[in-house]
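> my questions are about this predicted structure, shown below with the sequence.
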Amino acid sequence: MRVLLTGGAGYIGSHTATELLNAGHDVTVVDNLANGSRVAVRRAGRLANGVVAFHEDDLLDTRGIERTFEAGPFDAVVHFAGLKAVGESVAEPLRYYRINLTSTMNLVETMLAQGVRHLVFSSSATVYGDPERVPIDETCAVHDASNPYGRTKLFLERILEDVVRAHPDMNVARLRYFNPAGAHPSGDIGEDPSGIPNNLLPYVTQVAVGRREILTVNGDDYPTPDGTCIRDYLHVTDLARGHVAALEKLATHPGLVTYNLGTGRGQSVYEVIRAYERATGVEIPFRVGPRRAGDIPTSYTDPSLAEAELGWRAEKTIEDICRYAHEWQTRNPTGYPED
Ligand code: NAD
Ligand code: WQD
């Protein structure tokens, strides 16, 4: 298939570009480089001995989207583009609603006008809020998220339901990612957050290479075995393969499908620290700080629906995640170079 990746110069998009090329698809990226890298796009293509076409454009600009679609035709779109920092969304809700909602609506309108009928949408386990049960399966209630970022995902899931209802020939897969982490085994592409990392793994890697002095554990008094929060860390290459499987599912399955993508295993913060030290031999100094607002004690998925319907399951372990994240950070101590 000829696939357009919006936000494909970012963390998950670049890894998905590589896996799509490996699976024999043709890949084009559109990205405004607000948080992405051209170097990531180039390296992603090289890792698959292929080339990823790149268009620098903004999904808020309908003319820009039309320009990108003129470079088609495309059979499908994987929509990664958007803002994703929870804390930033609390401080700047209107910016998050405007960018995440408007860019998606602009994209879908162009897809409908151009007759592109397959869409894979980046959703998030955050739509489950504080889950009604764990492990979390797709029948669990989705709750009003605890932050504007999470609400954009919830609203967009609903918007896509309405689009499929109004346009029965539209095929949409909503993928609810748990905690993507790690980097391509080559160490050539990985997670390159701007500023101070919000997420655990990139913060740990920056401590490991000396960019940060010490890790603060956000609370160890949660109702979990060791008191720290438990999450389902999913290697980004496994996640990327999940997108390949979802695209191939859409080609034969009309309508709307929704899948949790995770390992089905949970690790606490302390277990991640120990896994990182085992995998790399590097000690991770830490101190215990206060709880972080909005954190829930435990979240991990029941992966059986994606296994049954996509034939997909995560293969890499938390040690693999730590090993490859460390390789990426060691080889790219300050992230991607300027292009
Ligand atoms: P990322 O920030 O690395 O990638 C997003 C990309 O979108 C960036 O390259 C950015 O430049 C681009 N972009 C942003 N706004 C744009 C616009 N208006 N027009 C064109 N390009 C634009 O983020 P990521 O971690 O790769 O996440 C990709 C998607 O997956 C996001 O939608 C995110 O909400 C979702 N998601 C991420 C996680 C996670 O933990 N990383 C978890 C669940 C869901
Ligand atoms: C995991 C655990 C932290 C950093 C977030 C978003 C979610 C999704 C994935 C986009 C928590 C603890 C972290 C640190 C720590 N993103 N931690 N010290 O919060 O599960 O999910 O990223 O969709 O929407 O909420 O992941 O990696 O931020 O935190 O102790 O320096 O690690 O408190 O318990 P989270 P995370």
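Okay, I see it. Numbers count the residues shown, from 1 in each chain. Ligands and ions are numbered 1, 2, ... in the order given.

> contact distance from ligand 1 - what residues of the stretch 51-200 of the chain qualify?
58-60, 80-82, 84, 99, 103, 122, 124, 177, 180 (CB under 6 Å from any ligand atom). In this view, the C-beta of every residue, glycine as well, is placed from N, C-alpha and C.

> who wins on neighbours among the residues you listed?
Neighbour counts for those, by other CB atoms under 10 Å, peak at Ala81, which reaches 29 neighbours.

> which one is it nearest to, not counting chain neighbours?
Gly7 (3.3 Å; CB to CB, 6 or more residues apart in numbering).

> give the contact list for that neighbour.
Shown in contact with Gly7 (CB atoms under 8 Å, 6 or more residues apart in numbering): 13, 31, 36, 79-82, 122.

> list just the nearest of those residues to ligand 1.
Nearest to ligand 1 among those, counting by CB to the nearest ligand atom, is Gly36 at 2.4 Å.

> and for the closest one, the neighbour number?
Count around Gly36 with other CB under 10 Å applied: 24.

> quick check: which element contains it?
Following DSSP states H and E, there is no helix or strand that holds Gly36.

> helix, strand or coil for Ala9?
State at Ala9, reduced to three classes by DSSP: H, G, I helix; E, B strand; the rest coil: coil.

> pretty sure it is touching Leu33, no?
Yes - applying CB atoms under 8 Å, one finds Ala9 in contact with Leu33, separated by 6.1 Å.

> show me which of the two is the more surrounded one.
Ala9 (31 against 15).

> I'd like the distance between that one and Thr110.
Ala9 sits 19 Å away from Thr110, going by CB to CB, to the nearest Å.

> repeat that for Asp192.
As judged by CB to CB, Asp192 and Thr110 stand 28 Å apart.

> cool, Asp75 as well?
15 Å.

> strands of the stretch 151-300 of the chain, residue ranges please.
Counting by DSSP state E, counting those that start in this stretch, the stretch 151-300 of the chain has strands at residues 171-177, 179-181, 215-218, 230-231, 233-235, 256-261, 267-268, 286-289.

> residues in contact with the closest residue in space to Pro135 that isn't next to it in sequence?
Among residues not flanking Pro135 along the chain, Asp302 sits closest, at 4.0 Å (CB to CB, 6+ apart). Asp302 makes contacts with 135-137, 260, 264, as judged by CB under 8 Å, 6+ apart.

> let me know the closest of the residues you listed to Arg165.
Of all those, Arg165 sits closest to Asn260, with 22.6 Å by CB to CB.

> that closest one is in contact with Asn179, isn't it?
No - with contact defined as CB under 8 Å, Asn260 does not count as touching Asn179 (11.8 Å).

> anything in contact with each of the two?
In contact with both Asn260 and Asn179: Ala125, using CB under 8 Å, 6+ apart.
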